[in-house]
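A.B. asks: what follows is a predicted structure for the sequence shown.
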Amino acid sequence: MKDLEFLPEYHIRARQNQRLRLTRMWLLSVLTLTMVCWAVFSQARVASVKAHLVAANDKMTVINYERQKKVLEQLRQQEMAYQAQQTLVEQLGADQRGSRTGLLRAMCGLLPDQVVLTRIEVDRHERPTRGGVRPPVATSRRRGVKPKEPPKQMVDRVRIEGFAKDDLSLARFLQSMNDSRIFEQGELGFSKDASFNDCAVRVFTATFFTAVQESVNAGPKDD
């Protein structure tokens, strides 16, 4: 049964409009509250994502730092190895005082098949210059003049040990060393019979000198 309304028509319409406005306001409030909640949740989510990104960036930074540190350490080791090789090359290569490798190369070029070297020693040695004359000591003391030291020079002293097939092979080898332009003043230390691989040989030692380009004068100079 339809409700009967005894109120005026405009009053009924005003009441319906009021209900409609209240419903719209309620829906607008709910929508506004939903949007506020969504904004708060979005901000929290964005903050969480930013925190994860910062943590990930820090972790990647640590990983990159460790990786770069390892690479830098490897480069330092390679640099040290290169410097060691360069130092060795400079020591063995040609310089103002001569080349040790050149001495060994020249010796190997003069070495015959009948001679086998078992030991080679090369050391720097200082000796008086050949042909230097020392003034008489008595005359210097009588005149009150300090004797003058003869000039000295730097030489490489090469000591070798080895086996030779016989005395003739040893003599030829020593003679070729003395005749070369690199070695001079060869001296035979000793030579005696020995056995090498069940064969009779001559074991020997010898010393040679080779001049160094650099020379020094020892002793004070008189004005």
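C.D. replies: That came in fine, so what should we check first?
A.B. asks: skipping adjacent residues, who's closest to Arg202 in space?
C.D. replies: Of all residues beyond its chain neighbours, the one nearest Arg202 is Ala164 (4.6 Å), with distances taken as CB to CB, 6 or more residues apart in numbering. For glycine as for every other residue, the C-beta is placed from the backbone atoms N, C-alpha and C.
A.B. asks: quick check: beta-bridge partners of that neighbour?
C.D. replies: Val115, Arg202 (DSSP bridges).
A.B. asks: any idea how far Glu66 is from it?
C.D. replies: Using CB to CB, to the nearest Å, Ala164 is found at 62 Å from Glu66.
A.B. asks: neighbour count winner among those two?
C.D. replies: Taking neighbours as other CB atoms under 10 Å, Ala164 and Glu66 compare with Ala164 leading, 24 against 10.
A.B. asks: list the residues that contact that one.
C.D. replies: 114-116, 170, 173, 191, 201-204 (CB atoms under 8 Å, 6 or more residues apart in numbering).
A.B. asks: which of the residues you listed sits closest to Met35?
C.D. replies: Val116 (100.1 Å; CB to CB).
A.B. asks: that closest one and Phe204: what is the separation?
C.D. replies: Here Val116 is placed at a distance of 11 Å from Phe204 (CB to CB).
A.B. asks: what do the two both touch?
C.D. replies: 162-164.
A.B. asks: reformat these as TSV; add distance to Leu72.
C.D. replies: As requested, the shared contacts of Val116 and Phe204 are arranged in TSV below (distance: CB to CB, whole Å):
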residue	distance to Leu72
Gly162	49
Phe163	53
Ala164	56
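A.B. asks: show me which of these is closest to Glu187.
C.D. replies: For these, the minimum distance to Glu187 (CB to CB) is 15.1 Å, reached by Gly162.
A.B. asks: now do the phi/psi pair for the residue nearest to the closest one when sequence neighbours are not counted.
C.D. replies: Once flanking residues are discounted, Gly162 sits nearest to Leu117: 3.9 Å by CB to CB, 6+ apart. With angles defined as degrees, to the nearest 10, Leu117 sits at phi -90, psi 140.
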